[in-house]
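Student: What follows is a predicted structure for the sequence shown.
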Amino acid sequence: MRCPFCGDLDNRVVDSRMARDGRAIRRRRHCGACEQRFTTYEEVEHTVVLVTKKDGASEPFERDKLVRSLSIACRKRPIPYQVLADWAQELERMLKVTPRRAVQTVELGDKSMAFLRGLDHVAYVRYASVYRSFDSVVEFLDAIRGMDADAGKGSP
């Protein structure tokens, strides 16, 4: 670690303790060259999951953006916001622990639709109508009929 005062690399740790609710380690250091003391923090480096869009562009995964889109589909439905936020947080956690660092928007959309399908059929159809970009009423009705067929098989 380079000393912020003189730039020398000759320093030692004189004290270490947990910081930031256990998410970091605070280290008090002493520079051997200029005798100054300084503090450093060691934290886990968070991986960034990239979302690859249909046009090939990539952007970082934004949990809040996902929650907003789910909230729109669930508007005026008996679904607490926290349920959507918790699911999006769990999805983000799962994405971060996979070896892949990029995910397709199609995959995120499919996972979101599966989540909403098990949660609320009206929210599912609303989300599917935007995500799948239905071109006709027939496509919309086919999605609803597919849910009815699954409901007859014992699905939610």
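Tutor: Noted; the coordinates are in hand.
Student: what's the span of stretch 15-35 from first residue to last?
Tutor: Terminal residues of stretch 15-35 are spaced 15 Å apart (CA to CA, to the nearest Å).
Student: tell me how far that stretch is from the chain's mean position?
Tutor: Here stretch 15-35 is found 30 Å from its chain centre; the criterion is CA atoms, centre = their mean, to the nearest Å.
Student: which outside residues touch that stretch?
Tutor: For stretch 15-35, the external contacting residues (CB atoms under 8 Å, 6 or more residues apart in numbering) are 1, 3, 5-6, 8, 10-14, 36-44. All C-beta spots, glycine's among them, are computed from the backbone N, C-alpha and C.
Student: Buried subset of these as a PyMOL selection?
Tutor: Per 16 or more other CB atoms under 10 Å, the buried members of these correspond to this PyMOL selection:
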select buried, resi 3+11
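Student: The contacts of stretch 15-35 in strands, which ones?
Tutor: Judged by DSSP state E, those include N11, R12, V13, V14, R37, F38, T39, T40, Y41, E42, E43 as members of strands.
Student: could you pull out the strands for this protein?
Tutor: 11-19, 24-31, 37-43, 50-52, 58-60, 102-104.
Student: Summarise which helices and strands the fifth one is packed against.
Tutor: Other elements packing on strand 58-60 under the criterion 3 or more CB pairs under 8 Å, 6 or more residues apart in numbering; DSSP states H and E are strand 50-52.
Student: Sheet-wise, list the partners of the strand it packs on with their directions.
Tutor: For strand 50-52, the pairing partners within the sheet under DSSP bridges are strand 58-60 (antiparallel), strand 102-104 (parallel).
Student: now these in a markdown table, with distance to L84?
Tutor: What follows is the strands paired with strand 50-52, written out as a markdown table (distance: least, CB to CB, whole Å):
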| stretch | distance to L84 |
| --- | --- |
| strand 58-60 | 20 |
| strand 102-104 | 19 |
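Student: quick one on the thing from earlier: switch the strands of the chain over to a markdown table; also include mean pLDDT and distance to V130.
Tutor: Formatted as a markdown table, the strands of the chain follow (pLDDT from 0 to 100; distance: least, CB to CB, whole Å):
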| stretch | mean pLDDT | distance to V130 |
| --- | --- | --- |
| strand 11-19 | 96 | 43 |
| strand 24-31 | 97 | 40 |
| strand 37-43 | 95 | 38 |
| strand 50-52 | 95 | 17 |
| strand 58-60 | 94 | 19 |
| strand 102-104 | 93 | 17 |
